[in-house]
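Asker: Give me a model of this one.
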Amino acid sequence: MGKFPVCIELSRQVIQDRNDQILGCIETLAGGRQKATDRSSNLLGWFDPQSNVTTDASSRVLAKANVLSGLILDRR
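Answerer: The predicted structure is shown next:
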């Protein structure tokens with residue numbers, strides 16, 4: 001019997017600028033956890049709804065709220 005992948009994407013929100021250029025994506029995974037990536041699919045950070053904490057790609061706590069869109073906007 002095969003193994004399931006660790007991260008199963010349930011939805012993807014594409015973040016674009018006013019000129020419709022893609023800046024990045026926020027993906028909602030199983031369990032509600034979200035990850036932010038830039039336009040090149042580089043990991044920017046995670047949001048865990050259980051703890052209400054956003055961390056960066058190095059697992060440093062950034063905020064006690066969901067600020068993933070801010071990570072994407074800061075990257076542009």
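Asker: Need the contact partners of the lowest-mean-pLDDT helix or strand in the chain.
Answerer: When the helices and strands of the chain are scored by mean pLDDT, DSSP states H and E, strand 9-16 comes last with a mean of 87. The contact list for strand 9-16 (Cβ atoms under 8 Å, 6 or more residues apart in numbering) reads Ile22, Leu23, Gly24, Cys25, Ile26, Glu27, Thr28, Leu29, Ala30, Ser69, Ile72, Leu73. Yep, even glycine has a C-beta here, placed from its N, CA and C like the rest.
Asker: what's the lowest-pLDDT member of those residues?
Answerer: Least confident entry in these, by pLDDT: Ala30, with 84.
Asker: And that one, how far from Ile22?
Answerer: 24 Å (Cβ to Cβ, to the nearest Å).
Asker: Kindly confirm my reading that Leu73 is in a helix.
Answerer: Yes. Applying DSSP: H, G, I helix; E, B strand; the rest coil, one finds Leu73 inside a helix.
Asker: There's contact between it and Leu23 in this structure, I believe.
Answerer: Yes. Judged on Cβ atoms under 8 Å, Leu73 makes contact with Leu23 at a distance of 6.8 Å.
Asker: show me where this protein has strands.
Answerer: According to DSSP state E, the chain carries its strands in the segments 9-16, 22-29, 34-38, 43-48, 53-56, 61-63.
Asker: Quick check: neighbours of the fifth one in the sheet, parallel or antiparallel?
Answerer: Here strand 53-56 has these sheet partners by DSSP bridges: strand 43-48 (antiparallel), strand 61-63 (antiparallel).
Asker: Quick check: buried residues in it?
Answerer: Residues of strand 53-56 classed as buried: Thr54 (neighbour count, 16 or more other Cβ atoms under 10 Å).
Asker: who touches it?
Answerer: 44-48, 61-68, 71.
Asker: Can you say which of the residues you listed are buried?
Answerer: Here the buried ones among the contacts of strand 53-56, as counted with 16+ other Cβ under 10 Å, turn out to be Leu44, Gly45, Trp46, Phe47, Leu62, Asn66, Val67, Leu68, Leu71.
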